[in-house]
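**Student:** 3D model of this:
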Amino acid sequence: MTTTPVWREIGADPGGPTIALAVDYAATGRPEAAFGDLADGLGAGTALWETVQPPLGAEADFDAADYVDRWLSAVPDRPVGAVLGFCAGGAFAGELAARLAEDTGRAPALLLFDPESPTTLTLYYQYRKVVESLSGVLGAERAAAAAADGDRALAGADGVERLGTELVRIFTGAAEVACAAAGLDEEYAEELTGTYRSFVRYLVAAAQIDRDERWAGAVVFSSATPTSGLNPLDPAARAALVDRELRFDVAHADLLRTPEVAAAVDEVLAGKGAR
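**Tutor:** Here you go, the predicted structure:
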């Protein structure tokens, strides 16, 4: 039986005294840069390991603690100098860093990139992105119908958990019909719907974490996209939520592939002794 890994090493390992852990839902073909892009731009002092999602379906009943427990159970056997998180991964990163501090007595540096605590609007936005990206499979009519169904689900939303369940139901129905009409096999449809269900579970679980408590000591790297990360918050709320914020004039999708961001990460890690 093949065992699914919990972490994967990205970038070169310089063999330093500590490693950094990165939390993200990395998916093939997504437009946003990932931690692999950031790793390519970091200096020689950082060994970076990234979370791997559970096998499709295994996450069905996961809550935030289940994700974090899974990651903690398989942390590479080296001291963790820093924990990084992108987007909704920022919520998990704060919890993971806190749990590592409790378990080891040493608090890792916490670096967050456009961090978000998912809301119903987050789920709706991601749903619309997925529907639009699959319009070629769904077809114009089905894509429009799925978008309208998503609009109605948001209007009647009663919390993140219930909206997530409803959006998965809508998407699964639309995708299965579209795949059958296009002559695509059931395996493809199952992978497509299973991946979306997995991503929604990840977002719903991330929403369970108290960002006010877990982000207090974080250094945040913010893009210029108005709807991403801390940008929707007023300046006072942003300042109260984290330790320090560094802003970059780049789009959210490019944040992790921007050389200036990588240089700033190197500087922060070195300053916090996280290498």
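**Student:** only C-alpha atoms from now on, for both contacts and neighbour counts.
**Tutor:** OK.
**Student:** Ala20 against Leu48, yeah?
**Tutor:** Yes - if you go by Cα atoms under 8 Å, Ala20 and Leu48 touch, sitting 4.9 Å apart.
**Student:** neighbour-wise, which of the two wins?
**Tutor:** Here Ala20 and Leu48 are compared on neighbour count by other Cα atoms under 10 Å; more neighbours surround Leu48, at 27 against 24.
**Student:** check which helices and strands the longest strand seen in the chain sits against.
**Tutor:** The residue-count maximum for a strand in the chain (DSSP state E) belongs to strand 80-86. Contacts defined by 3 or more Cα pairs under 8 Å, 6 or more residues apart in numbering; DSSP states H and E place strand 80-86 against strand 19-23, helix 89-104, strand 109-113.
**Student:** redo the ones you listed as a markdown table? Include distance to Val83 and mean pLDDT.
**Tutor:** Listed next are those as a markdown table, based on distance: least, Cα to Cα, whole Å; pLDDT from 0 to 100:
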| stretch | distance to Val83 | mean pLDDT |
| --- | --- | --- |
| strand 19-23 | 5 | 96 |
| helix 89-104 | 6 | 97 |
| strand 109-113 | 5 | 98 |
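**Student:** closest one to Glu213 among the ones you listed?
**Tutor:** helix 89-104 (8.6 Å; Cα to Cα).
**Student:** contacts made by the closest one with the rest, please.
**Tutor:** 22-25, 64, 68, 72, 82-85, 106-110, 112-117, 206-207, 209-211, 214-215 (Cα atoms under 8 Å, 6 or more residues apart in numbering).
**Student:** tilt between it and strand 109-113?
**Tutor:** Relative orientation of helix 89-104 versus strand 109-113 (axes from the mean of the first three to the mean of the last three Cα atoms, to 10 degrees): 170 degrees.
**Student:** can I get the CA coordinates of helix 89-104 in PDB?
**Tutor:** Listed next in PDB are the C-alpha coordinates belonging to helix 89-104 (Å, rounded to 0.1, in the frame of the first residue of the first chain):
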ATOM      1  CA  GLY A  89      -3.200  28.600   4.900                       C
ATOM      2  CA  GLY A  90      -2.400  31.600   7.100                       C
ATOM      3  CA  ALA A  91      -5.100  30.600   9.500                       C
ATOM      4  CA  PHE A  92      -3.700  27.100   9.800                       C
ATOM      5  CA  ALA A  93      -0.100  28.400  10.000                       C
ATOM      6  CA  GLY A  94      -1.000  30.400  13.100                       C
ATOM      7  CA  GLU A  95      -2.500  27.400  14.800                       C
ATOM      8  CA  LEU A  96       0.400  25.100  13.700                       C
ATOM      9  CA  ALA A  97       3.000  27.600  15.100                       C
ATOM     10  CA  ALA A  98       1.200  27.800  18.400                       C
ATOM     11  CA  ARG A  99       1.000  24.000  18.700                       C
ATOM     12  CA  LEU A 100       4.700  23.600  17.900                       C
ATOM     13  CA  ALA A 101       5.500  26.200  20.600                       C
ATOM     14  CA  GLU A 102       3.400  24.200  23.100                       C
ATOM     15  CA  ASP A 103       5.000  20.900  22.100                       C
ATOM     16  CA  THR A 104       8.700  22.100  21.900                       C
END
